[in-house]
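Undergrad: Got a predicted model here, sequence first, then my questions.
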Amino acid sequence: MSEMTEDRIVVEHGMPVRYKYMDDGTFARVIATDIEHMDVSIGGVTIADGADVNAGATTDIAVTTDVAGTLSAKLRGLIKLILAKINIKIADGDDATLGAKADAAITDSTTSNTLMSFVKGLMKIWNDVWNPTTHNLQVTVSNPTTNPETGLAKDGTDITTPTAMPAGGVGIRGWLSAIWTKLNGSMVVNLITGFAVESGGNLAGVKTNTDRLLGQNGGSIVSTTAAQTGLSCFAIKAQGVDVVINTMTLAAGWTGSMAAVTIKAGDVCHVGFTAVTLTSGTAILYNN
């Protein structure tokens with residue numbers, strides 16, 4: 001600088017610095033505040049490829065791990081990682097949350113399992129209720145302790161005394177069938193006259209209770225094939241079912257024969273007789 005005889009502007013560390021030529025022939029370095037309003041023109045600075053050890057060169061190999069490397073190498077490594085992760089492929093079982101294809105189906109939502117386990121569990125539940133043939137859902141409503149399709153109706157309490165479920169009966173249908181069978185086999189109800197007719201042992205007192213319906217006290221209901229004698233009747237009615245007369249002894253003043261005569265159910269035959277034997281059916285004998 002001793003050769004300079006006027007002010008000079010030089011670049012130091014990338015910044016313009018003014019050196020002022022003094023009267024004594026020396027140069028004084030001007031501080032920044034003194035050159036704040038200086039018009040400075042600095043030409044472009046070019047750094048050769050590879051000249052900066054931190055920036056690196058354009059041919060630096062990409063660095064994808066946490067090791068030392070140039071800025072160029074790091075940038076190339078970052079681009080390489082991004083491109084590699086755009087199409088992410090996770091191998092079977094690599095993700096602990098997703099799980100593996102071999103995971104067992106889980107249907108208990110209170111447990112902690114993989115997503116694959118729960119998906120397979122949902123498919124298991126679906127297959128249990130889906131009918132692939134009819135394409136319908138098939139659901140059985142179950143009691144917590146028993147299966148209603150093979151048990152009894154759960155309203156109320158079952159009894160076994162005095163009568164238990166008949167052999168072959170199951171559930172509420174079994175009980176209803178048993179009731180119907182019992183009623184059908186024990187009495188016949190005439191919906192027109194309201195007569196209750198005994199055909200079993202459980203209606204032993206029906207005669208006493210229905211005497212007033214027979215025209216006069218002393219009338220009788222017959223449902224056996226045993227001979228009925230000592231009668232003084234004026235009519236016979238087929239109660240509920242057809243009555244077939246085997247033999248009949250007519251009262252005085254009556255002629256003809258009633259042997260093998262069929263009286264249709266509900267019909268009344270007015271005839272005087274003193275004895276009768278039935279082949280089948282149930283008959284009301286009106287006396288006097």
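TA: Received, thanks.
Undergrad: Next, the buried residues of the longest strand belonging to the chain.
TA: In the chain, taking DSSP state E as the definition, the longest strand is strand 268-280. By neighbour count on 16 or more other CB atoms under 10 Å, the buried set for strand 268-280 is 269, 271, 273-274, 276-278. Placement of C-beta: from N, CA and C, glycine included.
Undergrad: Which one of these is nearest to Thr110?
TA: Nearest to Thr110 among those: Leu278, at 73.3 Å, using CB to CB.
Undergrad: State the distance from the closest one to Thr255.
TA: Distance, Leu278 to Thr255, using CB to CB, to the nearest Å: 22 Å.
Undergrad: coming back round to it: can you name the element that comes right after the longest strand of the chain?
TA: The helix or strand immediately downstream of strand 268-280 is strand 283-287, counting by DSSP states H and E.
Undergrad: Give me the contact list for the longest strand of the chain.
TA: Contacts with strand 268-280, where a contact means CB atoms under 8 Å, 6 or more residues apart in numbering, come from 222-237, 242-254, 258, 260-261, 263, 283, 285.
Undergrad: how near is Val268 to Cys233?
TA: 12 Å.
Undergrad: all helices in the protein, in order from the N-terminus.
TA: 71-85, 115-129, 171-186, 206-210 (DSSP state H).
Undergrad: quick one, which of those is nearest to Pro16?
TA: Closest among these, using CB to CB: helix 71-85, at 26.5 Å.
Undergrad: by contact count, what packs against that closest one?
TA: The contact analysis (3 or more CB pairs under 8 Å, 6 or more residues apart in numbering; DSSP states H and E) places helix 71-85 against no helix or strand.
Undergrad: Give the buried residues for that helix.
TA: 72-74, 76-77.
Undergrad: out of these, who's nearest Ile61?
TA: Ala73 (6.1 Å).
Undergrad: was I right about the closest one contacting Ala62?
TA: Yes. Taking CB atoms under 8 Å as the definition, Ala73 is a contact partner of Ala62 at 6.2 Å.
Undergrad: Relative to Val119, which of the buried residues of strand 268-280 is nearest.
TA: Leu278 (76.3 Å).
Undergrad: rewinding a little: select only the buried ones of the contacts of strand 268-280 in PyMOL?
TA: Buried residues within the contacts of strand 268-280, by 16+ other CB under 10 Å, are selected in PyMOL with:
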select buried, resi 222+223+228+231+233+234+235+236+237+243+244+245+248+250+258+261+263+283+285
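Undergrad: State the mean pLDDT of stretch 110-124.
TA: Mean pLDDT, computed over stretch 110-124, is 90.
Undergrad: for stretch 131-151, same thing?
TA: Averaged across stretch 131-151, the pLDDT comes to 67.
Undergrad: and if you look at stretch 258-275?
TA: 92.
Undergrad: how much space is there between the closest residue to Leu71 other than its chain neighbours and Val261?
TA: Leaving out its chain neighbours, the residue that sits closest to Leu71 by CB to CB, 6 or more residues apart in numbering is Ala55, at 5.1 Å. Using CB to CB, Ala55 is found at 131 Å from Val261.
Undergrad: Mind checking which of the contacts of strand 268-280 are in strands?
TA: Cross-referencing the contacts of strand 268-280 against strands under DSSP E gives 222, 233-237, 243-250, 263, 283, 285.
Undergrad: before we move on, the earlier item: just the CA trace of the longest strand of the chain, in CSV.
TA: Extracted C-alpha coordinates of strand 268-280, given in CSV (Å, rounded to 0.1, in the frame of the first residue of the first chain):
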residue,chain,number,x,y,z
VAL,A,268,-131.0,-84.3,17.7
CYS,A,269,-133.1,-87.3,17.1
HIS,A,270,-136.5,-87.2,18.8
VAL,A,271,-137.4,-90.8,19.7
GLY,A,272,-138.7,-92.5,22.8
PHE,A,273,-136.4,-95.3,24.1
THR,A,274,-135.8,-97.3,27.2
ALA,A,275,-132.3,-98.7,26.4
VAL,A,276,-129.5,-97.9,24.0
THR,A,277,-126.0,-99.2,23.1
LEU,A,278,-123.6,-97.0,21.2
THR,A,279,-121.0,-98.2,18.7
SER,A,280,-119.1,-94.9,18.8
